[in-house]
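Asks: Sequence first, then the predicted structure, then my questions.
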Amino acid sequence: MKKTQATIVDIAHALNISPSTVSRALKDHPRISKKTREAVKALAKELDYQPNPLALSLLNRRTHTIGVILPEITHHFFSAAISGIQETALAAGYNVMFCQSNERQEQEEAAATTLLRNKVDGLLASITRETKSDEHFEAFRRRGVPVVFFDRAPETQGVSKVVVDDYDGAFQAVEHLIERGARRIAHLMGSESLPISHERLQGYRAALKKHGLPTDEELIGYTNIEREQTRAATEKLLALPQPPDGIFAFNDYIALFTLQLLRERKIRIPEDIALVGFSNDPLGTIVEPHLTTIAQPAFEMGQTATRILLEQIEAGGDVEVEPTTTILRTHMIVRGSSVPEAEALL
């Protein structure tokens, strides 16, 4: 026989008090006597009473759940952002539903539909490298559900975004290579559909220009953040009559794979080619030489995006919220892939 879940009415009946008194006692309302509060809580524990989130959501028209759509959960950057999101949401009394798009717009759209049907109170999203339309995100806004983008944000106007200064991070990386003596610096670019790819490309170009170095288009390789395209782009660079003496990669995933290819070719790192990544993946400290990288505050980004979303949720759908763009700073971590190990340790 199925066991019936205890309700506030059951507790009220057993103690001969009103359901409203039980509700206030469970919330430690100061107008309820200590004796009554203790009796209510003791019986609630004995009956294994659990609040009904569905009933509460019907009462206040909120589910106290936020949705999150991101390209991949296993990537270190996104897993760190998830930790920041979850910590901040739980502290505010919200649950989190995570959906992984696997870098596919079709899956991103399906996830958006699922979250809308589950009536999340707000959405955090980081788009895929395929995303060309934001109509599935507009569906949230039409229903008064706030949306905040983090890291990978579309060029959509009128929504809040939390990003890092990709331009400056790329500038730091390339300037570091120039200061180490590199003059033919290649860039292994990310997906051309992602705005952050273009921000990092512009940072690369700006650093070259500042130091009086020309931008050689044949030194820009297109990877689409995929393994085989990275291999093809790297081999094309190495086959040039004048191959690069420095490489700035869109992210650490591309940089680590490139490092592997260079070592297969017996190319010395950093003596023949210096290498810098972006994102500070822990794998960068396992390989030899250790990877120089641009560190992003992923955990802080998750926290910040969640706080902004919760503020918009609490403001209510009837209140016009001014969209904001929050830009977080990056910093360089110098390791052995761009300077000899002995210098990197100084």
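Replies: All right, it came through fine. Numbers count the residues shown, from 1 in each chain.

Asks: from what I can see, residue 260 looks like it's in a strand, true?
Replies: No. Read with DSSP: H, G, I helix; E, B strand; the rest coil, residue 260 is helix and lies in no strand.

Asks: measure it to residue 254 for me?
Replies: Computed as C-beta to C-beta, to the nearest Å, the residue 260 to residue 254 distance reads 11 Å. Heads up, the C-betas are built off the backbone N, CA and C, glycines and all.

Asks: which one of these two has more residues nearby?
Replies: Applying other C-beta atoms under 10 Å to residue 260 and residue 254 shows that residue 254 carries more neighbours, namely 27 against 13.

Asks: Assess the claim that the more buried one and residue 279 are in contact.
Replies: No. If you go by C-beta atoms under 8 Å, residue 254 and residue 279 don't touch, sitting 9.9 Å apart.

Asks: Can you list the low-confidence ranges for the stretch 51-200 of the chain?
Replies: Residues of the stretch 51-200 of the chain that meet the criterion pLDDT under 70 lie in 52-61.

Asks: make it 50
Replies: For the stretch 51-200 of the chain, the stretches with pLDDT under 50 are 58-60.

Asks: can you give me the helices for it?
Replies: Assigned helices in the stretch 51-200 of the chain, in chain order: 53-60, 76-91, 105-117, 135-142, 166-179, 195-210 (criterion: DSSP state H, counting those that start in this stretch).

Asks: Deepest-packed of these, please.
Replies: helix 166-179 (a mean of 22; mean count of other C-beta atoms under 10 Å).

Asks: List the contacts of residue 306.
Replies: Going by C-beta atoms under 8 Å, 6 or more residues apart in numbering, residue 306 touches 66, 84, 85, 88, 89, 124.

Asks: quick one: which of the residues you listed is nearest residue 332?
Replies: The shortest approach to residue 332 among the contacts of residue 306 belongs to residue 84, at 21.8 Å (C-beta to C-beta).

Asks: Please name the residues that touch the closest one.
Replies: Residues in contact with residue 84 (C-beta under 8 Å, 6+ apart) are 298, 299, 300, 301, 302, 303, 304, 306.

Asks: How about the secondary structure of the second one?
Replies: Looking back up the chat, that one is residue 299. helix.

Asks: Mind putting the helices of the stretch 51-200 of the chain into CSV with distance to residue 269?
Replies: Listed next are the helices of the stretch 51-200 of the chain as CSV, based on distance: least, C-beta to C-beta, whole Å:
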stretch, distance to residue 269
helix 53-60, 54
helix 76-91, 22
helix 105-117, 36
helix 135-142, 41
helix 166-179, 12
helix 195-210, 19
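
Asks: Looking at the ones you listed, spot the one closest to residue 157.
Replies: Within the helices of the stretch 51-200 of the chain, the stretch nearest residue 157 is helix 135-142; the backing value is 11.5 Å (C-beta to C-beta).

Asks: Residues contacting the closest one, please?
Replies: Defining contact as C-beta under 8 Å, 6+ apart, one finds that helix 135-142 is touched by 108-109, 112-113, 116, 123, 125, 146-147, 154, 156, 158-159.

Asks: Check those and tell me the two furthest apart.
Replies: Of all pairs drawn from these, the one with the longest distance (C-beta to C-beta) is 113 and 158, at 21.6 Å.

Asks: Do I have it right that residue 102 meets residue 70?
Replies: No. Counting by C-beta under 8 Å, residue 102 does not reach residue 70; the two are 10.1 Å apart.

Asks: Give me the more crowded residue out of the two.
Replies: More crowded of residue 102 and residue 70, by other C-beta under 10 Å: residue 70, with 27 against 12.

Asks: Next one: that one relative to residue 85, how far apart?
Replies: 9 Å.

Asks: Am I right that residue 233 sits in a strand?
Replies: No. Residue 233 sits outside any strand when classified using three-state DSSP, being helix.

Asks: what's the spacing between it and residue 226?
Replies: From residue 233 across to residue 226, the span is 10 Å (C-beta to C-beta).

Asks: pLDDT at residue 344, what is it?
Replies: pLDDT for residue 344: 56.

Asks: what do you get for residue 12?
Replies: Per-residue confidence for residue 12 comes out at a pLDDT of 86.

Asks: didn't it look like it was pressed against residue 25?
Replies: No. Between residue 12 and residue 25 there is no contact under C-beta under 8 Å: 9.9 Å.

Asks: So for those two, which residue has more residues nearby?
Replies: Using other C-beta under 10 Å, the more surrounded residue of residue 12 and residue 25 is residue 25, with 25 against 19.

Asks: sec struct for the more buried one, please.
Replies: Under three-state DSSP, residue 25 falls in the helix class.

Asks: Quick one: residues contacting it.
Replies: Per C-beta under 8 Å, 6+ apart, neighbours of residue 25: 32, 36, 37, 39, 40, 41.
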